[in-house]
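Q: everything below, folded, please.
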Amino acid sequence: MNVIVLAAGKGSRMRSERAKVLHAIGGQPMLWHVLKAAEQAGGTRLICVVGHQADAVKAAVERFEGLSQPVVFAHQEPPMGTGHAVLCALGLLDESPLTLVLYGDVPLIQAQTLRSMHALADAHAPGLCLLTATLADPHGYGRILRDPGGRVLGCIEEKDATQDQRTITEVNTGILLAPTRDLARWVRQIDNQNAQGEYYLTDVLAMAVGEGKEIATMTCKDESEILGVNSQPQRAELERRHQQALALDLMDQGTALADPARIDIRGHLTCAEGVEIDVGCVFEGDVWLGEGVVIGPNCVLKNSRVEAGARIEAMSHLDGCIVGPLAVVGPFARLRPGTELLEASHVGNFSEVKNSRIGPYSKANHLSYIGDATVGARVNIGAGTITCNYDGAEKHRTVIEDDVFIGSDTQLVAPVTVHEGATLGAGTTLTADAPAQQLTLSRARQTSIARWKRPKKQAH
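A: This next block holds a predicted model:
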């Protein structure tokens, strides 16, 4: 199946320098959603018609992940309507299969809907199928015209419709599937004798009827799939519809959401049984939550894995990390890429970990920075401890072996090793390895000065 995706529009009402089809829904450009649905529906040749900011759109598409085939491009310049856009793509089509026409600013169309259209087109020769919808408020859409027997006669755009025609509630979504040779022939015959002075793709319907061809129609049951984006409020509305659908899927699978209206999934979130997610959480990239995981309010998780029974407390930020079973993170903790927390480890209030491995039952619960470190089992890292991993040119590693106790306000100047069972006294600046099973400390001798007077502000 050929798929032509129209993506040449400027989108002036978006009030943005960014091309309209590159505005995001669910963390991905709208155009990505459409291309992904097209491929999943069986598209074997993906053609994107570009115009406004063509270079930016092409560059973005070439960076899209998750597509298994390349996208080819046709140029529409200047834009003269949907029929003209399809005309620009004709030279790139494979004439044997059917051709599907989609829109880069209609991002919630589903692959299953497109597969159903293809099946209907196959069952009704000559293979022309139109996706329609029945809307309570059809304002802005072209209306489907039928004869008394229900056969499709064509489509009339709202600006060209009579008052009676505007009362029709069955609308044209613009999404159609047609035999490629017929589509090419019809598109070449379209004229622009209408209120907009544009070449309407919908004119091919009347041409098909004029040739005695029957048009099969399929009604889209979920209007979210056919809604387009022309403004920021419309984009925000579709974002919420998209998030609501994702939230309902999660809850159907057993995930407990405190409020399905207050979750944002900007990628792919997989939840095992018994997961609980509080309000205001954002999930980016690929996130996996194991059985019984609890996510507190207002957390951000990106490209991370959280194992069974772990808890992520409020306001924590995880990026590119692995949290082991029964571990506790936060509140107000930050785990940066390359971090791995093992079983029942704790990283707590205002602590940050980067590119480090924290061993089982180890804790860094308060105001600490652990960077480029390997921490063993049952280690206690006191409040205010930092690993000084950067010398201004290179990063160096700190090794803390099992059963170490590190006192508060300690600095470990890497590269350095704290050997098994060692204790570091509070306030220590460690610049050499600490021997096993010994107390190591470095601090100035405490001094009290008799008869010392605190300075006082002079009167003026």
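
Q: render the CA-only coordinates of the strand or helix carrying residue 249 in CSV, please.
A: Here residue 249 sits within helix 232-252, counting by DSSP states H and E. What follows is helix 232-252, C-alpha atoms only, in CSV (Å, rounded to 0.1, in the frame of the first residue of the first chain):
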residue,chain,number,x,y,z
GLN,A,232,-2.3,25.7,20.0
PRO,A,233,-5.6,25.2,21.8
GLN,A,234,-6.5,22.4,19.4
ARG,A,235,-3.1,20.8,19.9
ALA,A,236,-3.6,20.9,23.7
GLU,A,237,-7.0,19.3,23.3
LEU,A,238,-5.6,16.4,21.3
GLU,A,239,-2.8,16.1,23.8
ARG,A,240,-5.3,15.5,26.6
ARG,A,241,-7.3,13.1,24.4
HIS,A,242,-4.2,11.2,23.7
GLN,A,243,-3.1,11.1,27.3
GLN,A,244,-6.6,10.0,28.4
ALA,A,245,-6.5,7.1,26.0
LEU,A,246,-3.1,6.0,27.3
ALA,A,247,-4.3,6.3,30.9
LEU,A,248,-7.4,4.2,30.3
ASP,A,249,-5.2,1.5,28.7
LEU,A,250,-3.0,1.5,31.8
MET,A,251,-5.9,1.3,34.2
ASP,A,252,-7.5,-1.5,32.1
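
Q: and it, what does it pack against?
A: Secondary-structure packing of helix 232-252 (3 or more CB pairs under 8 Å, 6 or more residues apart in numbering; DSSP states H and E): strand 24-25, strand 256-257, strand 263-271. No exception for glycine: its C-beta is placed from N, CA and C like everyone else's.

Q: buried stuff in the last one?
A: With burial defined by 16 or more other CB atoms under 10 Å, the residues of strand 263-271 counted as buried are 263-267, 269, 271.

Q: ok, stretch 130-140 next?
A: Residues of stretch 130-140 classed as buried under the neighbour-count rule (16+ other CB under 10 Å) are 130-133, 135, 138.

Q: read off the pLDDT value for the nearest residue in space to residue 15 that is not next to it in sequence.
A: Using CB to CB, 6 or more residues apart in numbering and skipping residues adjacent in sequence, the residue nearest residue 15 is residue 232, 6.8 Å away. pLDDT, residue 232: 95.

Q: ok, residue 232 - how many residues close by?
A: Neighbourhood size, residue 232 [other CB atoms under 10 Å]: 13.

Q: residue contacts, it?
A: Contacts were defined as CB atoms under 8 Å, 6 or more residues apart in numbering; by that measure residue 232 touches 14-16.

Q: just the endpoints, please. Distance across stretch 64-73?
A: Terminal residues of stretch 64-73 are spaced 14 Å apart (CA to CA, to the nearest Å).

Q: in that stretch, what's buried?
A: For stretch 64-73, by 16+ other CB under 10 Å, it's 67, 71, 73.

Q: what's the answer for stretch 136-156, then?
A: Going by neighbour count (16+ other CB under 10 Å), the buried part of stretch 136-156 is 138, 141-145, 152, 154-156.

Q: swap in stretch 372-380?
A: Buried residues in stretch 372-380, counted by 16+ other CB under 10 Å: 372-380.

Q: what average pLDDT does it get?
A: Averaging pLDDT along stretch 372-380 yields 98.

Q: for residue 136, give its distance to residue 172.
A: 16 Å (CB to CB, to the nearest Å).

Q: cool, residue 6 as well?
A: Counting by CB to CB, the gap from residue 6 to residue 172 is 14 Å.

Q: do residue 148 as well
A: Counting by CB to CB - residue 148 and residue 172 are separated by 20 Å.

Q: with residue 419 instead?
A: Applying CB to CB, the value for residue 419 to residue 172 is 75 Å.

Q: more neighbours: which of the two?
A: The neighbour count for residue 419 versus residue 172, taken as other CB under 10 Å, is higher for residue 172 (27 against 18).

Q: no more questions from me, cheers.
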